[in-house]
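J.: build me a model from this:
(one chain, ligands or ions: 1)
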Amino acid sequence: MSRTALRICPLCEATCGLTLTIEDTRVTGARGDRDDVFSKGFICPKGASFGAVDGDPDRLRTPLVRRDGELREATWEEAFDAVAAGLRPVVERHGPHAVGVVLGNPNVHTMAGALYPQVLLGALGTRSVFTASTVDQMPKHVSCGLLYGDANAIPVPDLDHTDHLLLIGANPLESNGSLCTAPDFPGKLKALKARGGTLTVIDPRRTRTAKLADRHIAVRPGTDALLLAAMTHVLFDEHLVNLGELAPHVQGVDEVRAQVRDFTPEAVAEACDVTAAEIRALARELAAAPTAAVYGRIGSCTVPHGTLASWLVDVLNILTGNLDRPGGALFPQAATDRTPWPAGPGHGFALGRWHSRVSQYPEAKGELPLSALAEEIDTATAEGEPIRALIAVASNPVLSAPDGTRLDKALDSLDFMVSVDPYLNETARHADVVLPPPPPSQSPHHDFAFNTLAVRN
Ligand code: SF4
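T.: Next up is the predicted model:
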């Protein structure tokens, strides 16, 4: 018998409402839920494939435990016993930091993934935590932590009301946005233009989003921080700084002025491959708009000086009085607190409380760069034990992390490994125990993370 059920799509950050068609226990269709107050019926091809993802025959349905070198189906009791038998000796012999944990992106798309890693990390007491966030967005967390005292206090552009949107390193026509939860992000950009607003895109590539823009600046890759510093210089140089209602809350303006003094448009033009006149125009248009928002995403993070570029995005919003006002860059106020991640209790931000053993990378939010995982497993140093056991939760770093080939080899040297994953993928195939989560239709859902990044409360 066929029936319908409502749920939120867990497949990207947009959190669209879906109406599922269910026959017996099988999801046979998915369409946009017109009554969803946030997404209003929007759906993309990924969301429409919910049933295929949910019922994928390749999905693991029972745990796997390695016996005689082969991964074989096992009961849950046998699997948990194998985890206890494999992890305990590593912790007893080498200490908690010898157990690494890798948290993948899907953790923020499930309720269990948002809630229970903290419990796991608390029980283990390990500092060897590696996350997907360190691959593409940690610069934004660090810059917001330093600016606002909370690494998860990330302002989002008020897409529905702004008069001027400046995107840097973002291609939401393909991605539907990230660190900014907005169903139908492309439609919101078209609506911005239809109401007479302007869209400017800074991106080395002429992306689909760049093609939609009123102005596209093809900056040289990796020079975002220079370009943004020069725009900041112009704001000071041409007396365009206007903090507005933010003034009583802002500290350090004179220090910023001093820091960007030498970064004139003329000084950076050649490096950025953008003319000084264009840089001045970018700053003037930003300052002149009735309301404006600067939004930087992955392209501004995965470059040299990504943290500085991420910081300058917010500095531009602050200096033009656009932070925390309608039409500018806003702090969402979700019903749930914005720190569900293993950032530790309470608020406040500290960086480098410990470092990775081999390359001495500082932790941020209690996380180490995923790019350092392989060397933390395969390199011995005088500083401490290498990682001997690994728990990968919703993570396939052999495929998704830098230098996956080295990691592929390193995983073979572990004493023990657990993978929490619905697929026997490039990473999970190294595990001694694989624990498959239930499919999305069988899982409760609430977007703890994305409600704190949404363009509507
Ligand atoms: S935009 Fe994202 S949340 Fe919306 S339907 Fe597509 S995949 Fe799902």
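J.: give the contact list for Leu103.
T.: Shown in contact with Leu103 (C-beta atoms under 8 Å, 6 or more residues apart in numbering): Gly113, Pro117, Val129, Phe130, Thr131, Ala132, Pro342, Val393, Ala394, Ser395. Every residue, glycine included, has its C-beta placed from N, CA and C.
J.: need the residues of the stretch 51-200 of the chain near the ligand, please.
T.: Asn176, Pro183 (C-beta under 6 Å from any ligand atom).
J.: which parts of the stretch 51-200 of the chain are strands?
T.: Secondary structure of the stretch 51-200 of the chain (DSSP state E, counting those that start in this stretch): strands at 64-67, 70-73, 99-103, 129-131, 156-157, 164-168, 198-202.
J.: next, format the ones you listed as TSV and append distance to Leu6 and mean pLDDT.
T.: Putting the strands of the stretch 51-200 of the chain into TSV (distance: least, C-beta to C-beta, whole Å; pLDDT from 0 to 100) gives the following:
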stretch	distance to Leu6	mean pLDDT
strand 64-67	33	98
strand 70-73	34	98
strand 99-103	29	98
strand 129-131	31	98
strand 156-157	25	98
strand 164-168	31	98
strand 198-202	33	98
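J.: still on that earlier bit, and the contacts of Leu103, which is the shakiest by pLDDT?
T.: Scanning the contacts of Leu103 for pLDDT, the smallest score is found at Pro342, 43.
J.: what about the contacts of Leu103, which one has the most neighbours?
T.: Among these, Ser395 has the most neighbours (other C-beta atoms under 10 Å), with 29 neighbours.
J.: that residue contacts Thr134, correct?
T.: No - applying C-beta atoms under 8 Å as the test, Ser395 and Thr134 come out as separate, 11.7 Å apart.
J.: Leu368 in helix, strand or coil?
T.: Following DSSP: H, G, I helix; E, B strand; the rest coil, the label given to Leu368 is strand.
J.: list the beta-bridge partners for it.
T.: Beta-bridge partners of Leu368, counted by DSSP bridges, are Phe130.
J.: which residues are in contact with the residue in the stretch 101-250 of the chain positioned nearest to the ligand?
T.: Ranked by C-beta to the nearest ligand atom, the top residue of the stretch 101-250 of the chain for proximity to the ligand is Asn176, at 4.5 Å. Shown in contact with Asn176 (C-beta under 8 Å, 6+ apart): Cys12, Glu13, Ala14, Cys44, Ala182, Pro183, Asp184, Phe185, Pro186.
J.: at 7 Å what do you get?
T.: Residues in contact with Asn176 (C-beta atoms under 7 Å, 6 or more residues apart in numbering) are Cys12, Ala14, Cys44, Phe185.
J.: one more: Leu192?
T.: Counting by C-beta under 7 Å, 6+ apart, Leu192 touches Leu159, Thr162, Leu165, Leu199.
J.: and which of those is nearest to Val433?
T.: The shortest gap between Val433 and any of the contacts of Leu192 belongs to Leu159, at 43.8 Å (C-beta to C-beta).
J.: tell me, how many neighbours does that closest one end up with?
T.: For Leu159, using other C-beta under 10 Å, the count is 24.
J.: do you know how far it is from Cys180?
T.: Taking C-beta to C-beta, to the nearest Å as the measure, Leu159 falls 8 Å from Cys180.
J.: identify the contacts common to the two.
T.: By C-beta under 7 Å, 6+ apart, Leu159 and Cys180 have these common neighbours: Val455.
J.: just checking, what packs against the longest helix along the chain?
T.: Criterion DSSP state H: the longest helix present in the chain is helix 76-94. Where contact means 3 or more C-beta pairs under 7 Å, 6 or more residues apart in numbering; DSSP states H and E, helix 76-94 is packed against strand 64-67, strand 99-103, strand 389-393, strand 416-420, strand 433-435.
J.: that one versus strand 416-420: what angle between them?
T.: Interaxial angle of helix 76-94 relative to strand 416-420 (axes from the mean of the first three to the mean of the last three C-alpha atoms, to 10 degrees): 140 degrees.
J.: who's in contact with helix 76-94?
T.: By C-beta under 7 Å, 6+ apart, the residues outside helix 76-94 that reach it are 63, 65, 98-99, 385, 388-389, 415-416, 418, 432-433, 435.
J.: show me which of these is closest to the ligand.
T.: Each of the contacts of helix 76-94 was checked against the ligand using C-beta to the nearest ligand atom; the closest is Leu435, at 25.1 Å.
J.: and the closest one, how far from Pro444?
T.: 18 Å.
J.: looking only at neighbour counts, state which of those two leads.
T.: More crowded of Leu435 and Pro444, by other C-beta under 10 Å: Leu435, with 23 against 9.
J.: and the more buried one, bridged to which residues?
T.: Applying DSSP bridges to Leu435 yields these beta-bridge partners: Val420.
J.: per the record, what domains does the protein have?
T.: Annotated domains of the chain cover 2-57, 64-135+338-442, 154-330 [automatic domain parsing].
J.: and whichever residue of the chain sits closest to the ligand, helix, strand or coil?
T.: Per C-beta to the nearest ligand atom, Gly47 is where the chain lies closest to the ligand, at 2.3 Å. Secondary structure assignment for Gly47 (three-state DSSP): helix.
J.: for it, what are its contacts?
T.: Contacts of Gly47 (C-beta under 7 Å, 6+ apart): Cys9, Leu11, Cys16, Leu18, Ala30.
J.: I'd assumed Arg7 was in contact with the fourth one.
T.: Which is Leu18. Yes - here Leu18 lies in contact with Arg7, judged by C-beta atoms under 7 Å, at a distance of 5.6 Å.
J.: okay, these two: which has more neighbours?
T.: Using other C-beta under 10 Å as the criterion, Leu18 and Arg7 rank with Leu18 on top: 24 against 18.
J.: so what secondary structure elements neighbour the helix or strand harbouring the more buried one?
T.: If you go by DSSP states H and E, Leu18 is part of strand 17-23. With contacts taken as 3+ C-beta pairs under 7 Å, 6+ apart, strand 17-23 sits against strand 2-8, strand 26-32.
J.: out of the ones you listed, which comes closest to Thr209?
T.: Minimum separation from Thr209 across the helices and strands packed on strand 17-23 (C-beta to C-beta) falls at strand 26-32, 22.0 Å.
J.: can you pull out the low-pLDDT segments for this protein?
T.: Applying pLDDT under 70 to the chain flags the ranges 337-347.
J.: please repeat the previous calculation with a cut-off of 80.
T.: By pLDDT under 80, the weakly predicted segments of the chain are 337-348, 383.
J.: show me what counts as buried in stretch 417-432.
T.: Judged by neighbour count using 16 or more other C-beta atoms under 10 Å, the buried positions of stretch 417-432 are 417-428, 430-432.
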